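Trainee: Predicted model and sequence follow; I will ask about them next.
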Amino acid sequence: MKSTLEKNERFSIFTLKEKNLTSHNSSDLKSEVAILVAEGYNSILLNLTEVEFMDSSGLGALLNVDRTAKEQNGFLVIFGLNQNNNNLIRIAKLDKVLLIAQTQKEAIDLLILQELERDLSA
C-alpha cells in the first residue's frame, strides 16, 4: 500500500496514496493503523484525497480503523473525500458514525473539538 505518514505529538496524518480502497488493500490500511495505535498514535487524520473509488471492503476498513482508534481513547477524522465516496458514506449512513471533514484544517479543528469534549466529560 502506498501512503505517507506525518506524526506529531497530538495526532498523525495518514495519507493514502492509492486510487482505490477495496478488498485488495483494505486489510493493509487496517494493519498500518493498528501499528500506529500500538505506537501510541491513537488519533488519526486519514487523508483520502487521492482515493477515487471505495467499495464495501473500504467502508469496512474505515469502520475498523475508527473502532481501533476509539478503543484506545482516540479519534479517527477522515478528510478529502471526493463526491462519489462522500455519497457512498452518506448512503450507508456512516456519516452518523464517522467523523468527516472537508479539509485538513477542518479535520484538525474537529479532532481538537472531540478531544475537548472527551476531556470535559471525563
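Mentor: All right, it came through fine.

Trainee: now the longest helix seen in the chain: how far from the chain's centre is it?
Mentor: Counting by DSSP state H, the longest helix found in the chain is helix 104-121. Relative to the centre of its chain, helix 104-121 is centred 14 Å away, using Cα atoms, centre = their mean, to the nearest Å.

Trainee: Repeat that for stretch 59-69.
Mentor: Here the centre of stretch 59-69 is set off from its chain's centre by 8 Å, with Cα atoms, centre = their mean.

Trainee: got the buried residues for that stretch?
Mentor: Residues of stretch 59-69 classed as buried: Leu59, Ala61, Leu62, Leu63, Asn64, Val65, Asp66, Thr68, Ala69 (neighbour count, 16 or more other Cβ atoms under 10 Å). Backbone N, C-alpha and C define where each C-beta goes, glycine included.

Trainee: cool, and stretch 114-121?
Mentor: Quick answer for stretch 114-121 (16+ other Cβ under 10 Å): Gln114, Glu115.

Trainee: who's in contact with that stretch?
Mentor: Outside of stretch 114-121, the residues within contact range by Cβ atoms under 8 Å, 6 or more residues apart in numbering are Arg10, Ser43, Asn73, Phe75, Val77, Leu99.
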